[in-house]
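Student: dropping a prediction and its sequence here:
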Amino acid sequence: MNNYFSSTNKQLPVLALIIGNSRLHWGLFIDKNLYTTGDISHLPISVIHQLAAYPTLDNWLTAISLPSDLPIAPDHPIPVILASVVPSQTAFWQNYPHLCLLTLADVPLQEMYPTLGIDRALAVWGAGITWGFPALVIDAGTALTFTGANAQKSLVGGAILPGLGLQFASLGQKTGQLPLLETGLISSLPPRFAMNTSRAIQSGIIYTLLAGIKDFIDHWLLLFPESKIIITGGDSDFLQKHLENQFPEIGNRLILEKNLIFLGMREVVIVNY
Ligand SMILES: Nc1ncnc2c1ncn2[C@@H]1O[C@H](COP(=O)(O)OP(=O)(O)O)[C@@H](O)[C@H]1O
Ligand SMILES: CC(C)(COP(=O)(O)O)[C@@H](O)C(=O)NCCC(=O)O
Ligand SMILES: [K+]
């Protein structure tokens, strides 16, 4: 791990970046605490090269909308901890000074398989450390993933399926006459047996997704009845709200934590150095 992250610098600000398949999620740690977060589009390579050449706070202020009143000097270099599941994006960051690129080797979870996503490893580790093991994480991002760990802090495994937005996009893009719908525009659940095309798509995708999530949770709880279940990702508010309505006994035990992966990053890098 980069020397910058050694104990002498532990009071300094650190920017944590998670590169997902849809967006870049950033979180600024100051003094080991998550100070502020945001979600933005992937940064263009030109901006990343500029940041690598001048990695100072004032350059970061123009690249992402950090608060302007931070307790950090404008010429202070900002170290970056990066967790990426998009290799083409990871490559753009290789020359950033003070870069800490997280890999599975940084996560103390046992029995991981080599191609497990670093986001999933960090999320389930963060969940277990914060709420206790066993833990099941549901990450409702571009892909929707289930990732479980047992009381021995070993990966039990999980599942991957297209996320809510990707399910709408696949119907909108791969068919001749279905509209492209967006999750953000759905204010209420459709009738299950719908009488127009948009509501029929919403019904099909949302009710099968909610039922599928319930089924995975039921199976997990047969194995680990006392497990905590944490939901995160861009569609987590939407899914939690509707799971709560449809299946109150499951909805009520779901913990919603939008910053779950940052909690994992904090555990594996920030608090230990
Ligand atoms: N402003 C937004 N841009 C993109 N997706 C969004 C936005 N707000 C909510 N979402 C939802 O978030 C999902 C993507 O989740 P996110 O956790 O951001 O993905 P990833 O981590 O894979 O990049 C999409 O399915 C979409 O429905
Ligand atoms: C499953 C994922 C695509 C999820 O990514 P996301 O939806 O958060 O962008 C990512 O964790 C990944 O590429 N995983 C590698 C395969 C695996 O975890 O088994
Ligand atoms: K995800």
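Tutor: Okay, I see it. Ligands and ions are numbered 1, 2, ... in the order given.

Student: name the element K214 belongs to?
Tutor: K214 is part of helix 197-223, with elements assigned from DSSP states H and E.

Student: how far does the following helix or strand past that helix sit from the chain's center?
Tutor: Toward the C-terminal end, the helix or strand that comes next after helix 197-223 (DSSP H and E) is strand 228-232. Averaging C-alpha positions (C-alpha atoms, centre = their mean, to the nearest Å) puts strand 228-232 12 Å from its chain's average.

Student: what about the nearest residue to T232 once chain neighbours are set aside, how many residues nearby?
Tutor: What sits nearest to T232 in space, not counting adjacent residues and going by C-beta to C-beta, 6 or more residues apart in numbering, is L260, at 4.0 Å. Using the backbone N, CA and C atoms, a C-beta is placed for each residue, glycine as well. Neighbourhood size, L260 [other C-beta atoms under 10 Å]: 26.

Student: please enumerate the strands of the chain.
Tutor: Remark: strands assigned in the chain by DSSP state E are 14-19, 24-30, 33-40, 80-84, 99-101, 135-140, 143-149, 155-162, 228-232, 254-256.

Student: could I get the pLDDT score of the nearest residue to G148 once chain neighbours are set aside?
Tutor: Ranked by C-beta to C-beta, 6+ apart and with sequence neighbours excluded, the top spatial neighbour of G148 is V156, at 4.1 Å. At V156 the predicted local distance difference test score is 98.

Student: one step back: state the distance from the residue nearest to T232 to G27.
Tutor: 11 Å (C-beta to C-beta, to the nearest Å).

Student: could you do D218 as well?
Tutor: As it turns out, when the distance is counted by C-beta to C-beta, D218 lies 33 Å from G27.

Student: neighbour count winner among the two?
Tutor: Neighbour totals were compared for D218 and G27, and G27 leads with 21 against 11 (other C-beta under 10 Å).

Student: which parts of the stretch 51-200 of the chain sit against ligand 3?
Tutor: In this structure, the stretch 51-200 of the chain approaches ligand 3 at residues 139, 141, 143, 145, judged by C-beta under 5 Å from the ion.

Student: just to revisit the earlier point, identify the residues contacting the residue nearest to T232.
Tutor: Residues counted as contacts of L260 (C-beta atoms under 8 Å, 6 or more residues apart in numbering) are 123, 126-127, 137, 139, 230, 232.

Student: could you dump those residues to JSON lines with distance to ligand 2 and pLDDT?
Tutor: Below are the contacts of L260 laid out as JSON lines (distance: C-beta to the nearest ligand atom, whole Å; pLDDT from 0 to 100):
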{"residue": "A123", "distance to ligand 2": "9", "pLDDT": "98"}
{"residue": "G126", "distance to ligand 2": "14", "pLDDT": "98"}
{"residue": "A127", "distance to ligand 2": "15", "pLDDT": "98"}
{"residue": "V137", "distance to ligand 2": "11", "pLDDT": "99"}
{"residue": "D139", "distance to ligand 2": "6", "pLDDT": "99"}
{"residue": "I230", "distance to ligand 2": "15", "pLDDT": "98"}
{"residue": "T232", "distance to ligand 2": "9", "pLDDT": "98"}
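
Student: please pick the buried ones from those residues.
Tutor: A residue is treated as buried here by neighbour count (16 or more other C-beta atoms under 10 Å); on that basis the buried members of those are 123, 126-127, 137, 139, 230, 232.

Student: fine by me, we can end here.
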